[in-house]
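> With the input below, show me the fold.
(chains A and B)
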Amino acid sequence: MEQINFNILAFYGFAGLAVISALMILMSKNIIHSVFMLVLVFLSVAAIYIITNAEFVGVTQIMVYIGGILILMMFGVMLTNRIDGGKMLTEHRRIIPAVLLGLGLAFVFYSTLQTKFPLAEFGPQSELDKSVTETIGINFMTHQLVALELTAVLLLMALIGAAFLAGSKFEDKK
Amino acid sequence: MIAFLIYLPFLLVFVIFAVYAERKVSAFMQDRIGPMETGKFGILQSFADVLKMMQKEDIIALAADRKLFLMAPLVIFVSVFTGYAVLPLSADIQGSAAETGIYFLLAVISLDVIGILMAGWGSNSKFSLFGAMRSVAQIVSYEIPLGLAILCVIMLMQTLSLQEISLQQVGGLGFIHWNIIQYPFLIVPFVIYFIASLAESNRTPFDLPEAESELIGGFHTEYSGFRWAVIMLSEYGMMLLVSLIAVILFFGSWNTPLPNLGPVRLADWTSGTVGQLSADVWGTFWILSKAMLMIFVQMWVRWTYPRIRVDQMMSLSWKYLTPIGLFMVFVSGFWKLWM
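Model (predicted):
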């Protein structure tokens, strides 16, 4: 009997979890439960990154998506839900565009999977003379410097914009 | 792996004694004698509490969102305890050798915010919701100065692995090799880290999320019995975790504080031989006793300062700690380049 590869098992486990929780987002009536299911989706995707040797990407996924974006989403949903009074439920509207979009997406996936689509190698990490974190850091400061600086400027703009929008209300009252 | 197996039972025992210590420390600060009835000097008080908590009914409010309410304490505890996975315990006993080390730790700790939101929203009570909102706002804001303070140490050590940071502080001169002595300006990031870590573990003066005089119990108002105990366990777990990180980053991790003085080789005597049991015992002893000292300071602060207001909490984080933290990252960069 062939030896069981635990990485493959873990991959299918987490991939299954991601798909099931993504379906639960659609099926769940309660929008709060959908948001919490999204946490599970992101966590399983992070786990898949980690078992395919992309540890840094996986941890960043947790940090950025769950620690940042999802918390913001939860705040939004929870505050509107309680202020509004009524329960927020998921509904089915605009069925025709949704069906067209779904079919289109399915076609895109189908045509991609026609060619051989290998799973990533789960084996031991390829030997580098520097660790992954060091490689990422060096690349940021050399090959990807323009992208890094542009992102920094973009984030600074967003920060100033947010401070301006939040601050101007208090200025008017004075 | 072995470090993990040691930390879990240690955490459970630690919580029982920490609750007792908290009572006695608070009594000492306020010139009282604290619990005295159960056992000699009230030493059995915590065991009595645990016994009481086990027997209590697990009450779930009718209007609560059942699934979220039941899951929340587990989510909080799991996310706090996952942080222990990367902590080393001695020269040979290290946690996960994950290369991302402390980065992973910071990422998973931020997940306990989700548990708090689940508890606050699921309870369907205005006190819980207010407590959860405050808690999340506080934890999310204080993660920034906390991250900046840790970044200073990472820049100087040039590694994310906590075990490697520990190994860089080994030496025959004991405390002289600790980061806080080697790089004296790290005292500022340490103070920032300490303040932010108090806020992360929801301790006074940052206990706004549970502020019993305004919000009854904050996000855990509706919990009773063992689920409440699990929330309490994760609060003390968080205290121990941030203390251990402070010890590893600034105070020499599992290294002895005693230096070798000529023929009196105190450092060698109190470090054991690497690879043997003596090194593990001494390493564990030093890292845990330093962490206990940090926890005592946390309790000391708790019973000395009053609670701060919400706006004071926000302005402390954004107007003072974050700019100072950024400046210290700058200083660390210059130090690394030119010293």
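> What is the burial count for the closest residue to chain B within chain A?
At 3.8 Å from chain B, A:Gly67 is the closest residue in chain A, using Cβ to the nearest Cβ. Backbone N, C-alpha and C define where each C-beta goes, glycine included. The tally of other residues near A:Gly67 (other Cβ atoms under 10 Å in any protein chain shown) stands at 22.
> Now it: closest residue in space, sequence neighbours ignored.
Distances taken as Cβ to Cβ, 6 or more residues apart in numbering or on different chains place B:Ser110 nearest to A:Gly67, at 3.8 Å, with adjacent residues excluded.
> what pLDDT does the one you found get?
B:Ser110 is assigned 84 on the pLDDT scale.
> now swap in A:Arg82 and tell me
So A:Arg82 comes in at 57 (pLDDT).
> what about stretch A:155-164, distance to the chain center?
Taking Cα atoms, centre = their mean, to the nearest Å, the mean C-alpha location of stretch A:155-164 is offset from the chain mean by 23 Å.
> so how far is the longest helix along chain A off the chain centroid?
Ranked by residue count, the top helix of chain A under DSSP state H comes out as helix A:145-173. When C-alpha coordinates are averaged (Cα atoms, centre = their mean), helix A:145-173 and its chain have centres 23 Å apart.
> and the stretch 1-150 of chain B, which of its residues are near chain A?
Residues of the stretch 1-150 of chain B found near chain A (Cβ under 8 Å from any Cβ of the partner chain) are B:65, B:67-68, B:98-100, B:103-104, B:106-108, B:110-111, B:113-114, B:117-118, B:121, B:129, B:133, B:136, B:140, B:143.
> which among these end up buried?
With neighbours counted by 16 or more other Cβ atoms under 10 Å in any protein chain shown, the residues of the stretch 1-150 of chain B next to chain A contain buried members at B:65, B:68, B:98-100, B:103-104, B:106-108, B:110-111, B:113-114, B:117-118, B:121, B:129, B:133, B:136, B:140, B:143.
> Give the full set of residues in contact with B:Val242.
B:Ser197, B:Glu200, B:Ser201 (Cβ atoms under 8 Å, 6 or more residues apart in numbering or on different chains).
> Mind checking if the longest helix of chain A is in reach of chain B?
No: for helix A:145-173, no contact with chain B is found by Cβ under 8 Å from any Cβ; the gap never falls below 9.9 Å.
> Mind listing what's buried along that helix?
Buried-residue list, helix A:145-173, by 16+ other Cβ under 10 Å: empty.
> pLDDT averaged over it - what is it?
For helix A:145-173, the per-residue pLDDT averages 82.
> Pull up the residues of chain A that are close to chain B.
A:30, A:32-33, A:36, A:39, A:55-56, A:59-60, A:62-63, A:66-67, A:70-71, A:74-75, A:78, A:82, A:131-133.
> Find the least confident helix or strand in chain A, judged by mean pLDDT.
For chain A, counting by mean pLDDT, DSSP states H and E, helix A:71-84 ranks last in confidence among helices and strands (a mean of 72).
> Close to chain A: what parts of the stretch 151-300 of chain B are there?
Counting by Cβ under 8 Å from any Cβ, the stretch 151-300 of chain B comes close to chain A at B:Leu160.
> Show the residue spans covered by the helices in the stretch 151-300 of chain B.
B:162-167, B:179-182, B:187-200, B:212-215, B:225-250, B:266-269, B:277-302 (DSSP state H, counting those that start in this stretch).
> what separates stretch B:202-212 from the chain centre, distance-wise?
With Cα atoms, centre = their mean, you get 15 Å for stretch B:202-212.
> swap in stretch B:257-268?
31 Å.
> Spit out the contact partners of the closest residue to chain A within chain B.
When scored by Cβ to the nearest Cβ, chain B has B:Ser110 as its residue closest to chain A, at 3.8 Å. If you count contacts by Cβ under 8 Å, 6+ apart, B:Ser110 has them with A:Ile62, A:Met63, A:Ile66, A:Gly67, B:Ile139, B:Val140, B:Glu143.
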